[in-house]
Structures are given as structure tokens and as C-alpha cells.
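Peer 1: I would like the atomic coordinates for the input below:
(one chain, ligands or ions: 2)
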Amino acid sequence: MVRLNVEAVKNLQSINPSNKTLINKELPERAIQFGEGNFLRAYLNWMLEKMNQRNLFNGRTVAIQPTPHGKVVPKLQAQNHLYTTILQGVENGEEVQEVEVNSTISRSINPYESWEELLELAESDSIEFIFSNTTEAGLVYTKEEFPRTASPLSYPGKLTALLHRRFIHEEGARGFTIIPCELVEDNGDLLKSIVLRIAEDWSLSEDFKKWIESHNTFCNTLVDRIVPGYPKENAGEWERKLGYEDVLMAVGEPFHLFVVEADEPLEERLPFQTAGLNVKWAEVKPYRDLKVSLLNAPHTLLFPVGFLAGLQTVKEVMGDEIISSYVRNILYNEILPGLSFEKSEKQGFADAVIERFQNPFVKHRLADLGLNAVQKWKSRVFPLLPKDGTIPESMTLSIASLLHYYRPNIVHDGYFMGLHEGSEYKVRDDQVVLDAFIDFWQKDEQGREEISRLLSDKRIWGRDLSMEANNVHRYFLSIQNNGAKHTTEQMLKNNLAFENQK
Ligand SMILES: NC(=O)c1ccc[n+]([C@@H]2O[C@H](COP(=O)([O-])OP(=O)(O)OC[C@H]3O[C@@H](n4cnc5c(N)ncnc54)[C@H](O)[C@@H]3O)[C@@H](O)[C@H]2O)c1
Ligand SMILES: O=P(O)(O)OC[C@@H](O)[C@@H](O)[C@H](O)[C@H](O)CO
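Peer 2: Ligands and ions are numbered 1, 2, ... in the order given. Reported below is the predicted structural model:
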């Protein structure tokens, strides 16, 4: 079977003239994107494609590999930077499906090999926008040297170097509109503050720092679309249908929401709404609170429980009577009451989340939700806890499950592999977190004292959770002895009995 590339698309277009992939259209490079992961490709690039199809944006982006271990850039290059987006779901009771080839990436750069090629983009007149998605782990301050002739390691380091090149290239140069898509609170403000801090570390001039402030716009954003990415289980089926091999196929749900908070009107330069996309130029916080609390936090909470119960995907979780009741308990009983939104609004959002979790086409793998889970606990779950700091029952059970899930079988550099019912899965998190769990599981036994010590470690959780040690230990033991499903069932029964007594 042929690999997806320009030739393959031309052949398809000769067979099927309704295939409108914009391969022949010369479009200027108008943006840089740090990150080339599934999400960015099935979300931002999909939106750019939609605009290009309507002659609205008329531009392409240059994709930058954010880390030295990236594997996507060579794949993009082997496919002339083309890949397929597959959106599937149920809307108003009707099955919907959209499959198209995305042609919005003009080229891709591995900055660790071609640093100067990246810096040259700073001198381009056509580039106006910088997008990014480097995960929560990428949007962080790292103290590092200014290597000048080689790429800094961090994303903000690369961005600072790029901005600096633009600043010194041309006096009074126009800056960029910088739109980070990482799921981090106040991502634009944070990125700007990190860039300014790095400029300070690197002793760059005051004029440069002023230019960052005055000539560049950093937007806070909120992104929403479930993108499980490559369809591992039925890739062959898709390739037979499509008529080509595509190792970068990205599956997602049709639902999408992009909230962008900008100091300047952007719709004219980025006509998302004109293209019919669900983009709001609005204050991010209310949307973010609702979405992170009712969609991301439940993801983070449900994954270890479902996984230990022998389930693989969110859809399977929703098909399991006990574990789906657990999810509903989290959503409706533990999270919803604490959210300060109008009742019908939060109820409506929660109902929609349940429907999105049930999407029969989206195979959102629990093991993927589990990447960087402790970081996600900190940013998504802890803000939901009651003021007195106590942890509700379902959440406590989730922590106990997380402790089991973070059990190393084989340790590698920067991650470890866990083992459950004969299958391996990857655990990635901050090194300090990984080290603490490696240490915990090396102990002769994981008793109450050890659990309490682990929970009290602020380097892991950012807070002391040891007051929940008894409860976590109880669930931890029950999962060990009776399994996660039975433990969940008991927890729900006890909870119900307790609720009925009140
Ligand atoms: N997949 C989804 O459903 C979805 C939906 C909304 C938001 N998101 C957000 O998008 C992020 C990425 O998801 P994805 O599905 O594209 O994952 P992915 O693994 O396909 O892509 C991750 C990208 O981040 C980069 N990256 C990873 N660690 C990094 C680090 N430490 N420093 C710099 N760059 C780093 C990778 O190189 C890659 O470009 C998630 O963390 C999430 O916050 C995902
Ligand atoms: O992508 P992650 O792993 O950071 O988070 C997992 C999910 O909660 C997340 O991807 C959601 O599906 C997404 O945020 C929906 O917009």
C-alpha cells in the first residue's frame, strides 16, 4: 500500500474529484507551531484547514519538534507533511463522521539538528502567529544556559531565543501573536512570564524585555476536543478504506471549543468564527473552570480505577455498570455541588460530558489519560477539593488506585513501565514523582506508615495529604485483596447507605 504523500493525494483526486485536499495551493507560512502531537494536529491544524478551505486564513504553519526524543517530524517529512483527521461521534442522536487530509503544515524542523533554520523563521515577514502544545510538562520554567548556536531544551527557552532573534534582526520589528494551547491555567500569561524570566537569566537587554511586552501579544486560551490520536486497533481497516498508509492518522470527536482571550480583536486575521468554528473570543476562566472540573478532572480520577478493573478505554468504563456509576458519582455528587455555576449550566455540561465519554467511536485509552497523572491531579483535581482539604470517597479511591498504577516493573530513563494482568503500560511523570514511587515500591511492605509518608511529600503533591492516609490505605489494601471493581462496588454501596442515613 502507498504511503500518504502528495502523489497519493493526486491519484485519489483523479479517481475522486470531490477530494479537495489543498495540495496544489501555494500558501505562505503564517504561523509557527511548537508541537506536532495528535491534539494540535486534530484541533488547531484542523481549524486552519477549515479556514483555508474557505479561503479565509490562507496560510500554513511550520511545525517544531519540542523535545530531543520527538518521533513525529520524520514521519511528517515522509508524508510531505500530510496526514488524515478522522472525526466521529453522535450529534443529536445522529452518527457523524468527517475524514479529510490535512495540508496545513508546510514543513517541520527538528531544532536539535537544524537550529538555524528555526531562528531564520524569526526574520520572516509572513509569520504572525505562534501556536504551541507541548503538554503541561512543556510549559514550565527551566533554568538553562543560552546556547546561542544550539537549541535550548525547553519550549519557553526556544521561544525566547526566537523572539530575541527577531528583536535584533530589525529595529522596532513587529512581534508575534502568541497563542499557547497547553491545558494550563492562564497559559498565555504564564508563557510570557517565563519568557521574561529567561530573558533575565540570559542577561538580555532591557529594551528586549520592553519589546516583548509592547510588541507581542500572549493570549490565554482554553482548548476542548477529545483526541485519542492514532487508531491503533483499527488502523488497517482505515488504511484499506482510505487507500493509503498513514502513520499520523488522528482520530477525534466532532465536538470542539476554543476560547481565546486577546487584548486585540483577532477575528479578522484569524477568521475562525467566519469559518463556522466554535471559537469564542472571550474571558477564559468561566469556560475553563467548567471544562477542567467536569471533563479533565473526571478523566484523571477515573483512569486508574477503570484500568485496575481491567478496562482499557473510557468507552469501556462507561459500558461497565459499576465503574460508570463511579464516574457518575464523581461528576454529580463530588464535583458538581462545589462548582459555582448556575445549576442548569453545570448540569447541562456534565450531561454532555457523559455523552462524550460514551462516544462509541472514540477509543480514549486509560493508559494515555494516565500520563503525567500526578501533575494532572495538582492542576485539575486539587482545586476541586472542599475548603477543609478533606478528600471525598471516590477521589480517595482514585488516589489508592493511582498508588497501585504507579508501581514500576521496569525503570527507564525518564519513565517506567508498569505491569497489569500480563500487559505493560507506560508511566511518565516528573522525575521527582517517579523516584518517590520507585522508592515506595522498593520498600518491603506498603503499609499505612509508608503510604502516609508518600502522601505527606509536598514535592510530589504540592501539599500534605497524609491526613487521608487511613482512608487511602484502606482502599489500597482492598484493591490488593479484592480487586478494584469489588472495592468500587463496596465504596458506592457504603456511600449510598451513608447518604440514606443523612
Ligand atoms: N488528546 C486530547 O484529547 C487533548 C485534548 C485537549 C487538550 N489536550 C492537551 O494536549 C496535550 C498533548 O496531547 P496530545 O494528545 O497531542 O499528546 P501527544 O503525545 O500526541 O503530543 C504531545 C506533544 O507535546 C510534546 N511534549 C511532550 N512532553 C514535552 C515536554 N516535556 N516539553 C516540551 N514538549 C513536550 C511532544 O513532543 C508532542 O509534540 C495534553 O497534555 C493535553 O493537555 C489533549
Ligand atoms: O490530554 P491529557 O492527557 O492532558 O488529558 C486527558 C484528557 O482529560 C484531555 O485530553 C481531554 O480529553 C481534553 O482536554 C478534552 O478537551
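Peer 1: how about the residues of the chain near ligand 2?
Peer 2: Residues of the chain lying close to ligand 2 by CB under 6 Å from any ligand atom are 183, 224, 225, 226, 295, 296, 299, 369, 371. To be clear about C-beta, it is placed using only N, CA and C from the backbone, and glycine gets the same treatment.
Peer 1: One more pass at 5 Å, please.
Peer 2: Contact residues (CB under 5 Å from any ligand atom) of the chain with ligand 2: 224, 226, 296, 299, 369.
Peer 1: Wait, the third one touches residue 380, no?
Peer 2: Yes - judged on CB atoms under 8 Å, residue 296 makes contact with residue 380 at a distance of 4.8 Å.
Peer 1: So those two - more neighbours on which side?
Peer 2: A direct count of neighbours by other CB atoms under 10 Å for residue 296 and residue 380 places residue 380 higher, at 22 against 19.
Peer 1: Just the terminal-to-terminal distance for stretch 162-178.
Peer 2: For stretch 162-178, the separation between the terminal residues is 12 Å (CA to CA, to the nearest Å).
Peer 1: in the stretch 301-450 of the chain, which spans are helices?
Peer 2: Shown for the stretch 301-450 of the chain, the helices assigned by DSSP state H, counting those that start in this stretch span residues 314-319, 321-328, 343-357, 366-369, 373-376, 393-405, 431-442, 448-456.
Peer 1: Apologies, that question was intended for the stretch 51-200 of the chain.
Peer 2: Under DSSP H, counting those that start in this stretch, the stretch 51-200 of the chain gives helices at 72-78, 115-120, 135-138, 155-169, 187-201.
Peer 1: Buried ones in the second one, by neighbour count?
Peer 2: Residues of helix 115-120 classed as buried under the neighbour-count rule (16 or more other CB atoms under 10 Å) are 115, 118, 119.
Peer 1: Closest to residue 130 out of these?
Peer 2: residue 118 (11.6 Å; CB to CB).
Peer 1: Ligand 1 versus that closest one, what's the distance?
Peer 2: With distances taken as CB to the nearest ligand atom, to the nearest Å, residue 118 is found 14 Å from ligand 1.
Peer 1: My read is that residue 133 contacts residue 42, right?
Peer 2: No - using CB under 8 Å, residue 133 is not in contact with residue 42, being 10.8 Å away.
Peer 1: so which residue of the stretch 301-450 of the chain comes closest to ligand 2?
Peer 2: Ligand 2 sits closest to residue 369 of the stretch 301-450 of the chain, with a gap of 4.9 Å, by CB to the nearest ligand atom.
Peer 1: that older thread, could you export the helices of the stretch 301-450 of the chain as a markdown table, including distance to ligand 1, mean pLDDT and mean neighbour count?
Peer 2: Formatted as a markdown table, the helices of the stretch 301-450 of the chain follow (distance: least, CB to the nearest ligand atom, whole Å; pLDDT from 0 to 100; neighbours: other CB atoms under 10 Å):
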| stretch | distance to ligand 1 | mean pLDDT | mean neighbour count |
| --- | --- | --- | --- |
| helix 314-319 | 10 | 97 | 20 |
| helix 321-328 | 17 | 98 | 19 |
| helix 343-357 | 11 | 93 | 16 |
| helix 366-369 | 7 | 96 | 20 |
| helix 373-376 | 8 | 95 | 22 |
| helix 393-405 | 17 | 98 | 24 |
| helix 431-442 | 11 | 97 | 16 |
| helix 448-456 | 24 | 98 | 18 |
